[in-house]
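In: curious how this folds, go ahead:
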Amino acid sequence: MAFSADVKGELCRPAISRKCCAQAEAYGILLFCGVFHPRQARIVTECGALKERLPQLFRKAFKLSFDQVPEPGEGKGIFLMEDPAKLRAIFHAFDLEWDGAVSLHINLALLEEEHCRTAFLRGAFLAGGSVTDPMKGYHLELATSHYHVGRELPALLREAGFEPKETERKGSRVVYFKHSDHIEDFLTFLGAPVSAMAVMNARLERDLQGRVNRQVNCDSANLDKTVAAAREQLAAIQRLRAAGRLEGLPDKLREAARLREENPELNLGQLGALCDPPVSKPAFSHRMRKLTELAEGQKEAVGNEVPGM
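Out: Predicted structure coming up:
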């Protein structure tokens, strides 16, 4: 979760300027914090930057303070609001019905301006979002326990130009992205360009490592083929020598046989360069193929001999 904490820290750095955006960000936090109803608002976070931002945000948005705030240095901090008058003021600000059985929705009328939509989504991520370390994988999600909010969020994201996926997990609605470029764009949109660049750099590094691994695997496979071919060629030369036929071969073939035996680790192109005069890889390959064919013919001749004749 270290990368998520870094992203949230970056999102908390900008100053809270407009009241409308402060309300929109607080709206996103409350709808994704886990507990928000007419009797209580409860925000739990371990992010130090968010702990510092929340009191300022709610003062700017509603001129209200929390009834309970975490102690300084406390790991998991709980912000609690239970005062009916404060909760009524927040519900009124968002044009929500003051009803114990209220079913929360996203009031899109409050998010008509692009900067307010951005602030709302930033708040949603700060309270209910997480993102995987890009060196380990690509996954960013927003989770809420409010069913209708989870169903309406994808439409809001699509209006902003994103194409999220949806699922349910343990009673929560989850909206998520799995592609690195989508995560980069979303983080940039929220106001975290440094984190977006970290995702991009991680993708480039992983792509480069993948290409290197594929090249190493290819080189290894080619090396295996070279070793197998050299072993077959050396066996052919030994058969010809045992049959007394090697010394009677043309100079070019005898030279090819000698170079192969003296340099079993080299490939055909390297052996061709050692010839006098040097020859191309195809030319040397032709000579080795001729030696192998002669050895195969010798092998068949020996196999066809009838004992006692």
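In: pull the number of nearby residues for residue 96.
Out: Counted with other CB atoms under 10 Å, the neighbours of residue 96 add up to 19. (Glycine included, C-beta is placed from N, CA and C.)
In: how close does residue 110 sit to residue 96?
Out: According to CB to CB, to the nearest Å, residue 110 and residue 96 sit 10 Å apart.
In: and what of residue 22?
Out: From residue 22 to residue 96 the distance is 17 Å (CB to CB).
In: next one: residue 232
Out: 80 Å.
In: distance between stretch 279-290 and the chain's centre?
Out: In terms of CA atoms, centre = their mean, to the nearest Å, the centre of stretch 279-290 is set 46 Å apart from its chain centre.
In: then it to CSV, C-alphas only?
Out: The C-alpha trace of stretch 279-290 is given here as CSV (Å, rounded to 0.1, in the frame of the first residue of the first chain):
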residue,chain,number,x,y,z
VAL,A,279,33.7,-17.8,-46.5
SER,A,280,30.1,-16.8,-45.7
LYS,A,281,27.9,-18.6,-43.2
PRO,A,282,25.8,-20.2,-45.9
ALA,A,283,29.0,-21.5,-47.7
PHE,A,284,30.4,-23.0,-44.5
SER,A,285,27.0,-24.5,-43.7
HIS,A,286,27.0,-26.1,-47.1
ARG,A,287,30.4,-27.8,-46.4
MET,A,288,29.2,-29.1,-43.0
ARG,A,289,26.0,-30.4,-44.6
LYS,A,290,28.1,-32.2,-47.2
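In: give me the buried positions along it.
Out: Of the residues in stretch 279-290, 279, 284-285, 287-288, 290 count as buried by neighbour count, 16 or more other CB atoms under 10 Å.
In: before we move on, what about stretch 88-100?
Out: Buried, per 16+ other CB under 10 Å, within stretch 88-100: 90-91, 94, 96.
In: ramachandran coordinates for residue 171?
Out: phi 80, psi 0 (degrees, to the nearest 10).
In: measure how buried it is and give me the count.
Out: Around residue 171 there are 7 residues (other CB under 10 Å).
In: test my guess that it contacts residue 143.
Out: No. The pair residue 171 / residue 143 is not scored as a contact, 10.1 Å apart, by CB atoms under 8 Å.
In: now the element after the biggest helix by length in the chain, going C-ward?
Out: When the chain is parsed with DSSP state H, its longest helix is helix 193-242. Next in sequence after helix 193-242, counting helices and strands by DSSP states H and E, comes helix 251-262.
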